[in-house]
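# Sequence plus the predicted model coming up.
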Amino acid sequence: MKRRTALKFAAALALTTSLATGAVCAETIKIGAAAPKTGPLAGGAAVSQWPNVTLWAAQVNERGGLNVGGTMMPVEIIEYDDQTNPGETIKAIQRLATQDEVNFIVSPYGTGLVVAAAPIFARYGYPLIAVSAITDQQPALSKQFPDMFFTLGTTSALAEDTVKILTDMREAGQLGNKIAMVNVADAFGIELADVARGKFNEAGFEIVYDSSYPLGTQDLSPVIKGAKAAAPDAYVAWSYPPDTFALTEQAVIEDLQVQAFYTAVATPFPAFGARFGAAANGVMGPGGVNVDDARFQEYAKAHEAVTGAKPDFWASATTYASLEIFEQSIEAVGLDRKAVADHLRTGTFDTVLGPISFDENNNNQAFWTVGQWQDGVFKGVASRNRDGSVPVILKDGWQ
Amino acid sequence: MDILITGLLLGGTYALIAMGLNLQYGVARIMNLANGEMLVAGGFAAFWMYTAGQISPFLTIFLLAPLTFVLNWLIYRIMLQPLVKRAKSRGQLETDSILATFGLSFVMVGLMLSVFGGDYFNYSYLARPIVIVGDTFALNRVAAFLAAVVICGALYLWLNHSRAGLSIRAIAVAPDSARLVGINVTHLAALAFGLGGAVTAVGGALLSTYLTLDASTGVIFTLKALIIVIMGGVGDVRGTIIAALLLGIVETLVASLLDPGLTLAAAYTLFILILLFRPQGLCGKKPT
């Protein structure tokens, strides 16, 4: 019994000492991050989310840390895998807030997971700069959670600008009037297809093939064959990563002849360009960046040097920008979370994408909407309030 | 005709996914929930060999098969045999093995994450059109289908015409009586488990020529394999083949004639119908 008490005492002592030492070197800023490392969204998070957290922390610490009221404080990242499960995201955020007592938390990854975690961020008073969360519910969400901010745009903007690009091509006489559209039967695909369907009809397009397929379908050749039989002029797929690759491969095999070919998530991934090479030329997708911009090129170089992988041409730079926003806000007003949130509302931030500020709905009004593979890079062809978009090219076969 | 061939090709894919599990579950009596992870690992190996050394997945499988056979044999001997020994009934073994292999699946996902990262991986191999009776198909799918035919055919012949194969079937039918007629059940169960793992990994390597995989997609394949094995009848190679082809054709029929959105519904309707009218599976034996 005595020995046990002694042990307990020793343990308590060790704990206090470690806490005390922890307090002594509490000059670090703790940043929490919870996003998928496993589960359906892990592949996307491994490209767009995690490398940017790593890169940003490495760069900040290389500079000696963040300047908080004259003291340089290095950042420490605490990472959790949420297994692409909203329940786990909520638990992880709770843990970061209450047990790890982090100073700030990076946004989770994926619309559903971010929205699920928003109330927890609000309850513990953490500002949330959402990146990979695209929804038209932004005004309602920011009203309910005043410290929640959005950076990557809205569903409507993505769909509208895609329709607009095709309309412009038609007006220029480059494109016929027939559209084939498919979507993955999932919140993301359904929402985008609904908006796009309305806009296509409004613009006077004829939708000759309109269909959906379940997530995880292992053979998408019927989807491409069905579309091909309808002889469309443009093909638009609101797809998720494994199907984005599969649909494009089937289009190559079936030699689907269209003047415009659009697939969604993962089209801006470097892996897409690597996979399809010259056949990717002319394929359109969401996002895009100004690849000629020096800041982006510098960022892409650092990304590859630190993480060993290239950034994608959409959410990667925005994720990095969201961390730059935190950085600038912390350096401006310190570690007080309320002050940072207020600063986010009013400030303008100088990021890798250019200046970012938030409107009355906490929404960033300057973002890319459509990109296109042109000669091995995914260039922005349409944006809201961003400079540097290039003219769209016709999809010219699959050679 | 187009639909039939597309369906058959998809059925070949499904047969590759499910055949290994059938051997493991039907013979070794291990409900292996890490089956999908073994498949993804096989895909990773093929991907790595192809991108690093331009080695065709159809050559990689000859290296992969013995390697994964030994690996799975060891998994059975070290991890699962103690469970088999201590299990008092078949039910208990099933519960224990489900829990153990469920854990194993997490270990494998973690290992693959740390070795390969969480990124999607795929590569272009035989992604060319081939014309069969007037319609175009993907050459990589056709090649994988032919490989599936060879693998399933070889397994069928081996199980029906070799001494070891017949003994394995004996275990599948009546493990207790098999022991009485001098069959070394422990030894052969380990063999069947290893073989099942090797078939799954080879299937993964073939599938990786046209599917996009990542470290955590395994569970999708485990589920599909489970459905097919149960539909076909546990422990019967013919049943698995028929169920896989049937599922492929039904899904393609529905996708082409009705709506691609209904494929999942069609697959599960078929599953329910078979469970209702032939609960032992298409080729399964009625429990006596």
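That came in fine, so what should we check first?

# going forward, measure contacts between C-alpha atoms and count neighbours the same way
Noted.

# low pLDDT regions in the chain?
In the absence of a named chain, this looks at chain A. By pLDDT under 70, the weakly predicted segments of chain A are A:1-26.

# wrong one, chain B
B:286-288.

# All the strands of it, residue numbers only.
B:129-132, B:135-138 (DSSP state E).

# Show me how far the first one is from its chain's centre.
In other words, strand B:129-132. 27 Å (CA atoms, centre = their mean, to the nearest Å).

# Neighbouring strands - and their directions - for it?
Applying DSSP bridges, strand B:129-132 is found paired with strand B:135-138 (antiparallel).

# got the residues of the stretch 151-288 of chain B near chain A?
Contact residues, the stretch 151-288 of chain B versus chain A (CA under 8 Å from any CA of the partner chain): B:210-217, B:220, B:252, B:255-256, B:259-264.

# I'd like to know which of the residues you listed are buried.
By neighbour count, with 16 or more other CA atoms under 10 Å in any protein chain shown, those hold B:210-217, B:252, B:255-256, B:259-261, B:263-264 as buried.

# quick one: which of these is nearest chain A?
The nearest member of these to chain A, counting by CA to the nearest CA, is B:Gly261 at 4.0 Å.

# isn't the closest one right up against A:Tyr213?
Yes: the criterion here is CA atoms under 8 Å, and B:Gly261 meets it with A:Tyr213 at 4.0 Å.

# For chain A, what lies in contact range of chain B?
So chain A meets chain B at A:37-40, A:42-47, A:185, A:211-214, A:216, A:218-219, A:221-223, A:226, A:242, A:245-246, A:249-250, A:252-254, A:271, A:275-276 (CA under 8 Å from any CA).

# Looking at the residues of the stretch 151-288 of chain B next to chain A, which are in helices?
Of these, the ones assigned to helices by DSSP state H are B:220, B:252, B:263-264.

# and those as JSON lines, adding distance to A:Gly308?
Formatted as JSON lines, these follow (distance: CA to CA, whole Å):
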{"residue": "B:Ile220", "distance to A:Gly308": "29"}
{"residue": "B:Thr252", "distance to A:Gly308": "41"}
{"residue": "B:Thr263", "distance to A:Gly308": "39"}
{"residue": "B:Leu264", "distance to A:Gly308": "38"}
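
# Which two among the residues you listed are spaced furthest apart?
With distances taken as CA to CA, the most widely separated pair in these is B:Ile220 and B:Thr252, at 18.6 Å.

# What about the residues of chain A next to chain B, which are in strands?
A:211-213.

# Can you show me the helices along chain B?
Under DSSP H, chain B gives helices at B:2-26, B:35-53, B:57-74, B:81-86, B:90-116, B:139-161, B:163-173, B:175-180, B:185-207, B:218-232, B:237-253, B:263-277.

# Flag every buried residue along the longest one.
Spelled out, that is helix B:90-116. Going by 16+ other CA under 10 Å, helix B:90-116 has these buried residues: B:93-94, B:96-98, B:100-102, B:104-106, B:108-110, B:112-113.

# next one: it to chain centre, how far?
16 Å.

# Measure how it sits relative to helix B:35-53, angle-wise.
20 degrees (axes from the mean of the first three to the mean of the last three CA atoms, to 10 degrees).

# Would you enumerate the residues in contact with B:Thr263?
A:213-214, B:251-252, B:254-255 (CA atoms under 8 Å, 6 or more residues apart in numbering or on different chains).

# In CSV, list those residues along with distance to B:Arg29.
Below are those laid out as CSV (distance: CA to CA, whole Å):
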residue, distance to B:Arg29
A:Tyr213, 35
A:Pro214, 32
B:Glu251, 29
B:Thr252, 32
B:Val254, 34
B:Ala255, 35
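
# Show me what whichever strand or helix holds A:Lys379 is packed up against.
Remark: A:Lys379 resides in strand A:377-384, with elements defined by DSSP states H and E. Packed against strand A:377-384 by the contact rule (3 or more CA pairs under 8 Å, 6 or more residues apart in numbering or on different chains; DSSP states H and E) you find helix A:155-171, strand A:367-374.

# Was I right to think A:Asn363 contacts A:Gln138?
Yes: the criterion here is CA under 8 Å, and A:Asn363 meets it with A:Gln138 at 7.4 Å.

# Overlap in contacts, those two.
In contact with both A:Asn363 and A:Gln138: A:Phe150, using CA under 8 Å, 6+ apart.

# So which of these two has more stuff around it?
Between A:Asn363 and A:Gln138, counting by other CA atoms under 10 Å in any protein chain shown, A:Asn363 is the more crowded of the two (23 against 20).

# If we ignore the residues flanking it in sequence, what's nearest that one?
A:Phe150 (4.8 Å; CA to CA, 6 or more residues apart in numbering or on different chains).

# So what does that neighbour look like in phi/psi?
phi -120, psi 140 (degrees, to the nearest 10).

# Could you pull up the residues touching the closest residue to chain B within the stretch 1-150 of chain A?
Closest to chain B within the stretch 1-150 of chain A is A:Gly43: 4.4 Å, counting by CA to the nearest CA. Applying CA under 8 Å, 6+ apart to A:Gly43 gives the contacts A:37, B:118-120, B:214.

# For stretch A:304-318, buried residues please.
Buried, per 16+ other CA under 10 Å, within stretch A:304-318: A:306, A:309-318.

# for it, the distance to its chain's centre please.
Taking mean C-alpha positions (CA atoms, centre = their mean), stretch A:304-318 and its chain are 11 Å apart.

# go on, stretch A:247-256?
Using CA atoms, centre = their mean, the offset of stretch A:247-256 from its chain centre is 27 Å.

# CA atoms only for it, dumped as PDB, please.
Included here for stretch A:247-256 are C-alpha records, laid out as PDB according to Å, rounded to 0.1, in the frame of the first residue of the first chain:
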ATOM      1  CA  LEU A 247     -14.700   9.000 -66.000                       C
ATOM      2  CA  THR A 248     -11.800  10.600 -67.800                       C
ATOM      3  CA  GLU A 249     -10.200   7.300 -68.500                       C
ATOM      4  CA  GLN A 250     -13.400   5.900 -69.900                       C
ATOM      5  CA  ALA A 251     -13.800   9.100 -72.000                       C
ATOM      6  CA  VAL A 252     -10.400   8.400 -73.500                       C
ATOM      7  CA  ILE A 253     -11.200   4.800 -74.200                       C
ATOM      8  CA  GLU A 254     -14.600   5.600 -75.700                       C
ATOM      9  CA  ASP A 255     -13.000   8.500 -77.500                       C
ATOM     10  CA  LEU A 256     -15.800  10.800 -76.400                       C
END
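
# quick one: buried residues of it?
A:247-256.

# go on, stretch B:167-181?
B:167-173, B:175, B:178.

# What of stretch A:124-141?
A:125-135, A:138-139, A:141.

# Throw these into CSV and include distance to B:Gly12 and secondary structure, thanks.
Shown next, in CSV, are those (distance: CA to CA, whole Å; DSSP: H, G, I helix; E, B strand; the rest coil):
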residue, distance to B:Gly12, secondary structure
A:Gly125, 54, coil
A:Tyr126, 51, coil
A:Pro127, 51, coil
A:Leu128, 47, strand
A:Ile129, 46, strand
A:Ala130, 43, strand
A:Val131, 41, coil
A:Ser132, 37, coil
A:Ala133, 38, coil
A:Ile134, 38, coil
A:Thr135, 39, coil
A:Gln138, 45, helix
A:Pro139, 49, helix
A:Leu141, 47, helix
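
# Alright, that wraps it up for me.
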